[in-house]
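Asker: coords below, sequence missing:
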């Protein structure tokens, strides 16, 4: 299987402090890859570097063989990478429909079929089409954030803590949706603190600690790993 | 006060209010996107007046060519200022960019003094605008009459643009969240430039309407109107376009009636008292947004 994304030696520093200290990662096409780790381990920084929001100190990030380092976020979006940011970040002053349309900002073709697709995934959004996104509940906002990302017709969708602050039932929905999206052939790179859920659906997983990858394997392997169980899954030996 | 006089003052007040509204929109839009009070905005308005003198007096161009030139030159000036003085400070603390704006304001005033001298220069007459017309018992100049109409027309177009075009949608998105806007593929610098284009275009229109019935321009001519329009924007709720428009009309009207009552010297004092009162009792202004966002 070919790798859609290859990251080599990603180093990012914020004002002299290295948040990410040389990460190597590969994301195989069509799979769900998860990156788990504690707060401040460098997960979000890694995703932001891929999206072009953060300029790495050094790195090679190749998407389908094309170098992304130094490219602008709009170019990276146009190549088929999208990021669902942490905390959802829907535009509260735009309607639900406008939020979806802005997800397709760079597209010039007809959006009708993609809007229908998103509404079929999230019927709740259709009911609230004309509502301001700021008035939605947390779970609905997360659905909107995912729907908005899908509107760019991504090949790779990156999600930063999609379960954060949501009720357990809603979290389950979101994870189901992630698998549905993946079933459509979209590669998923998922960051989660909810390691248990993430590892269950992931084909491949990385563990990041203080800016470095400390472990990798299939989701099932890491789920069974004693160290992981203790550190991330809250199970005692 | 007779009813004719009353109507006459109303017309004058609405007219000057319309000009204030046009300039206040520039303040409020730039604030909406960059959270910056563009203190140079009043001076851009002043520079637009000098551009008019250049075009009509120095180059003796016809008025319609001159107006196009003034609009273009003012827009270019505003966009260049943004690129040079504000863009490099995009990630700097807000105070830095504010100070930069104050710097640009003084720069423009002093540049104008250096280039055109501190002496007032005669503003050219646009014949058809200064013609007197009679509406019933009222007599007024064409410019006073068309100013509020033009203002409302521009405001209408602007609101359509913001609510119903892709660029308008991008502007609303960028005004809330730079980073997420970038994730959508929006080039935020382009959106910011576009905001300055609109603000400066309206300031140039305001400048032409403001100076046409006035005899002359001097380098500080933009300073006081600029401040008043800033107050209009704050009064209406900074960031809100309808607020800026309403604020502009209210300040224009109250100023005119205070002058009519014989307190000319007091009219500007009133405007500044209004600013203090608004900041004390309703800091978000008439239509200002309260910050209630879900985390």
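Answerer: Yep, that arrived. Remember, predicted model here, so these are calculated numbers, not experimental data. Numbering: from 1, shown residues only, chains lettered A, B, ... in the order given.

Asker: Buried ones in the longest helix along chain B, by neighbour count?
Answerer: In chain B, assigned by DSSP state H, the helix with the most residues is helix B:3-34. Using 16 or more other CB atoms under 10 Å in any protein chain shown as the test for burial, helix B:3-34 gives B:8-9, B:11-34. (Each C-beta comes from the backbone N, C-alpha and C, glycine too.)

Asker: Return the distance of that helix from the chain's centre.
Answerer: Put simply, helix B:3-34 sits 9 Å off its chain's centre (CA atoms, centre = their mean, to the nearest Å).

Asker: The helix or strand following it - contacts with which helices or strands?
Answerer: Note on helix B:3-34: by DSSP states H and E, the next helix or strand toward the C-terminus is helix B:41-53. In terms of contacts (3 or more CB pairs under 8 Å, 6 or more residues apart in numbering or on different chains; DSSP states H and E), helix B:41-53 is packed against helix B:3-34, helix B:63-81, helix B:94-116, strand B:121-122, helix B:188-211, strand B:216-217, helix B:223-236.

Asker: Which strands and helices lie in contact with the third one?
Answerer: Put plainly, it is helix B:94-116. helix B:41-53.

Asker: Please name the spatially closest residue to residue 81 (chain neighbours excluded).
Answerer: Using chain A here. The spatial neighbour of residue A:81 that comes closest, neighbours along the chain excluded (CB to CB, 6 or more residues apart in numbering or on different chains), is residue A:156 at 4.9 Å.

Asker: wrong chain, I was asking about chain B
Answerer: Using CB to CB, 6+ apart, the nearest residue to residue B:81 is residue B:104, at 5.7 Å.

Asker: burial count for the one you found?
Answerer: Residue B:104 has 22 neighbouring residues, counting by other CB atoms under 10 Å in any protein chain shown.

Asker: Which residues are in contact with it?
Answerer: B:39, B:40, B:43, B:81, B:85 (CB atoms under 8 Å, 6 or more residues apart in numbering or on different chains).

Asker: And the furthest pair within the residues you listed?
Answerer: Greatest spacing in the contacts of residue B:104, by CB to CB: B:43 and B:85 (12.2 Å).

Asker: what about those two, which has more around it?
Answerer: residue B:43 (28 against 17).

Asker: which residues touch the more buried one?
Answerer: Contacts of residue B:43 (CB under 8 Å, 6+ apart): B:104, B:105, B:108, B:109, B:112, B:222, B:223, B:226.

Asker: what about 10 Å?
Answerer: Neighbouring residues of residue B:43 by CB atoms under 10 Å, 6 or more residues apart in numbering or on different chains: B:77, B:81, B:104-112, B:203, B:219-223, B:226.

Asker: tell me which parts of the stretch 151-295 of chain B are close to chain A?
Answerer: B:163, B:166, B:169-170, B:172-190, B:289, B:292-295 (CB under 10 Å from any CB of the partner chain).

Asker: Confirm residue A:109 sits in a helix?
Answerer: No: read with DSSP: H, G, I helix; E, B strand; the rest coil, residue A:109 is coil and lies in no helix.

Asker: wait, it sits on residue A:152?
Answerer: No: the pair residue A:109 / residue A:152 is not scored as a contact, 11.8 Å apart, by CB atoms under 10 Å.

Asker: neighbour count winner among those two?
Answerer: residue A:152 (23 against 9).

Asker: And stretch A:89-96, end to end?
Answerer: 13 Å (CA to CA, to the nearest Å).

Asker: Can you tell me which of the contacts of residue B:104 lies closest to chain A?
Answerer: residue B:85 (22.6 Å; CB to the nearest CB).

Asker: got the contact list for that closest one?
Answerer: So residue B:85 contacts B:38, B:40, B:97, B:100, B:101, B:103, B:104, B:107 (CB under 10 Å, 6+ apart).

Asker: Now the phi/psi pair for the closest residue to the last one other than its chain neighbours, please.
Answerer: Excluding the flanking residues, the one nearest residue B:107 by CB to CB, 6+ apart is residue B:40, at 7.9 Å. Note on residue B:40: its backbone torsions stand at phi -80, psi -10 [degrees, to the nearest 10].

Asker: Check the burial of residue B:40 by counting its neighbours.
Answerer: Neighbours around residue B:40, by other CB under 10 Å: 29.

Asker: who touches it in this structure?
Answerer: Residue B:40 touches B:30, B:46-47, B:77-78, B:81-82, B:85-86, B:100-109, B:222, B:226, counting by CB under 10 Å, 6+ apart.

Asker: what bridges to the most centrally placed residue in chain A?
Answerer: Among the residues of chain A, residue A:159 comes closest to the average C-alpha position under CA atoms, centre = their mean, at 1.6 Å. Residue A:159 forms beta bridges with residue A:84, residue A:190, as assigned by DSSP bridges.

Asker: Let me know the pLDDT of it.
Answerer: Per-residue confidence at residue A:159 stands at 96 (pLDDT).

Asker: Next, work out how far apart it and chain B are.
Answerer: As judged by CB to the nearest CB, to the nearest Å, residue A:159 and chain B stand 12 Å apart.

Asker: so that residue touches residue A:186, yeah?
Answerer: No: at 11.2 Å, residue A:159 does not count as touching residue A:186 under the criterion of CB under 10 Å.

Asker: Common neighbours of the two, please.
Answerer: A:32, A:82, A:149, A:178.

Asker: which stretches of chain A form strands?
Answerer: Secondary structure of chain A, counting by DSSP state E: strands at A:3-14, A:17-28, A:32-36, A:58-63, A:66-67, A:81-84, A:156-160, A:187-192, A:204-209, A:212-217.

Asker: quick one: contacts of the last one?
Answerer: If I follow you right, that is strand A:212-217. Here strand A:212-217 has contacts from A:7, A:10, A:18, A:20-26, A:33, A:35-37, A:41-42, A:46, A:199, A:202, A:204-209, A:221-225, A:227-228, A:231, using CB under 10 Å, 6+ apart.

Asker: What is the distance between stretch B:64-83 and the centre of its chain?
Answerer: 14 Å.

Asker: again with stretch B:52-61
Answerer: 23 Å.

Asker: Now find how far off-centre stretch A:61-75 is within its chain.
Answerer: Distance, centroid of stretch A:61-75 to centroid of chain: 17 Å (CA atoms, centre = their mean).

Asker: Would you mind pulling up the elements that the longest helix seen in chain A packs against?
Answerer: For chain A, the helix with the greatest residue count under DSSP H is helix A:168-183. In terms of contacts (3 or more CB pairs under 10 Å, 6 or more residues apart in numbering or on different chains; DSSP states H and E), helix A:168-183 is packed against strand A:32-36, helix A:112-121, helix A:138-150, strand A:156-160, strand A:187-192, helix A:195-201.

Asker: Report the angle between it and strand A:156-160.
Answerer: Orientation check (axes from the mean of the first three to the mean of the last three CA atoms, to 10 degrees): helix A:168-183 against strand A:156-160 gives 160 degrees.

Asker: So which bits of helix A:168-183 are buried?
Answerer: Across helix A:168-183, burial judged by 16+ other CB under 10 Å covers A:170, A:171, A:173, A:174, A:175, A:177, A:178, A:181, A:182.
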